[in-house]
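Peer 1: Sequence plus the predicted model coming up.
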Amino acid sequence: MSRRLHPAVVAAQPFQLTARKTFDGPIFETEEGKRRLEMALSRYPTKQAALLPMLGFVQAEKGWIEPDDMVQVAEALDLTPAYVHSIATFYTMYNKHPVGRHLVQVCTNISCHLNRGEEVLHRFLVETGTREGEVSEDGEFTVIEAECLGACGFATVVQVNDRYLEDVTPDRVSEIVANLRGARDGATTSGADGGGDA
């Protein structure tokens, strides 16, 4: 089912969805790809200005952005692949390699550090059976450290895909992971935190 989005919010869509799509051909030749490209171009004065939303769209659909995707984005926006690559690799919000269905980012900056952020990170790694940055064997999880998630008043903050979980303690991690394991399709991880989400 196609989601109806107003051009004014095309850039504000989640960058990471739990439901992944695969494409047999070029992403911007699909019905949804054409629609999203047209929406983005209607919002900006130049094609170049639509670059970040189009990278976000690709990642939202696939979960990550591979080199061929960057070439397709470049062609759709009349840019060079090198330029698109330079932008995609500059921003850490774009995944340049496959990640689990649930991308777990644990803030360990000062406020979260003082509220046991490193312990929360370690506990997520233990509960998911992964090392930092790798995909779990079941394909469900990738856990990484985040420099700052911009919610210092709710430390320790954890971002799972497009959702913030606040006041996360090491003791809450096993419940969060269990709820995420039970979450299947959809854009958000509703009920993943047992309350206290930002």
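Peer 2: That came through fine.
Peer 1: show me where the chain has helices.
Peer 2: For the chain, the helices defined by DSSP state H cover 31-43, 51-62, 67-76, 81-90, 110-114, 117-128, 173-182.
Peer 1: As CSV, the ones you listed with distance to Glu166, mean neighbour count and mean pLDDT would be great.
Peer 2: Every C-beta, even on glycine, is put in place using the N, C-alpha and C of the backbone. Formatted as CSV, the helices of the chain follow (distance: least, Cβ to Cβ, whole Å; neighbours: other Cβ atoms under 10 Å; pLDDT from 0 to 100):
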stretch, distance to Glu166, mean neighbour count, mean pLDDT
helix 31-43, 31, 17, 90
helix 51-62, 23, 22, 89
helix 67-76, 33, 19, 93
helix 81-90, 28, 15, 94
helix 110-114, 10, 16, 92
helix 117-128, 12, 21, 95
helix 173-182, 12, 17, 92
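Peer 1: Go through the ones you listed and name the closest to Leu149.
Peer 2: For these, the distance to Leu149 is smallest for helix 110-114, at 7.9 Å, taking Cβ to Cβ.
Peer 1: Could you export that closest one as PDB, CA atoms only?
Peer 2: Output of helix 110-114 as PDB, limited to C-alpha atoms (Å, rounded to 0.1, in the frame of the first residue of the first chain):
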ATOM      1  CA  ILE A 110      28.400  13.100  28.700                       C
ATOM      2  CA  SER A 111      24.800  12.900  30.100                       C
ATOM      3  CA  CYS A 112      24.300   9.300  29.000                       C
ATOM      4  CA  HIS A 113      27.900   8.500  30.100                       C
ATOM      5  CA  LEU A 114      27.000   9.700  33.600                       C
END
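Peer 1: before we move on, the earlier item: export the helices of the chain to a markdown table and tack on distance to Arg163?
Peer 2: A markdown table is the format used below for those (distance: least, Cβ to Cβ, whole Å):
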| stretch | distance to Arg163 |
| --- | --- |
| helix 31-43 | 22 |
| helix 51-62 | 14 |
| helix 67-76 | 24 |
| helix 81-90 | 23 |
| helix 110-114 | 17 |
| helix 117-128 | 15 |
| helix 173-182 | 10 |
